[in-house]
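Asks: sequence unknown, structure follows:
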């Protein structure tokens, strides 16, 4: 297989995923018309977001989503590179009843699959993986640097300890 074929297949795959998402939304809409309990679930979730003063940018976030979907929703809403810690903290702000370690583990696992599937790219600041940020490959410029509008939050950088002697 040549690179052109692989790129065409990747593009086709992305198009199909987008169409599947639209179909899923349509099915939910139809179900809400036929099954009132689905409407109640949706409105309850929306009210929960309002009560917790969740920013409107997370209005498409659903607790029933897989971690992959949650990560994609959060990255889309933030529109910038995020660390696993930042993603975990956002999920916990949206779903405070969840356990920190379980969420971090779920985010880490889903993130790894998304990188493997080339849905996400990893951007490392410095030489340590401690400062790893994740986002869309479209958020990188021709030099593989984050575009200014998608830049990671400098406050999220963790200072890496140098050599320690005992």
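Replies: Yes, it's here. All values reported here derive from a predicted model rather than from experimental measurement.

Asks: What segments of the protein are helices?
Replies: 3-34, 36-51, 67-78, 84-94, 100-116 (DSSP state H).

Asks: For those, which has the smallest mean pLDDT value?
Replies: Note on the helices of the chain: helix 36-51 shows the lowest mean pLDDT, a mean of 45.

Asks: Could you tell me which residues make contact with the residue nearest in space to the middle of the chain?
Replies: By CA atoms, centre = their mean, the chain has its centre lying nearest to residue 71, at 1.9 Å. Applying CB atoms under 8 Å, 6 or more residues apart in numbering to residue 71 gives the contacts 87, 107, 110-111, 114, 120, 134. For the C-beta atoms, the positions are set from N, CA and C on the backbone; glycine is no exception.

Asks: Report the buried members of these.
Replies: Buried members of these, counted by 16 or more other CB atoms under 10 Å: 87, 107, 110-111, 114, 120, 134.

Asks: Output those residues as JSON lines; include the columns distance to residue 142.
Replies: Shown next, in JSON lines, are the buried ones among the contacts of residue 71 (distance: CB to CB, whole Å):
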{"residue": "87", "distance to residue 142": "27"}
{"residue": "107", "distance to residue 142": "29"}
{"residue": "110", "distance to residue 142": "29"}
{"residue": "111", "distance to residue 142": "25"}
{"residue": "114", "distance to residue 142": "23"}
{"residue": "120", "distance to residue 142": "19"}
{"residue": "134", "distance to residue 142": "20"}
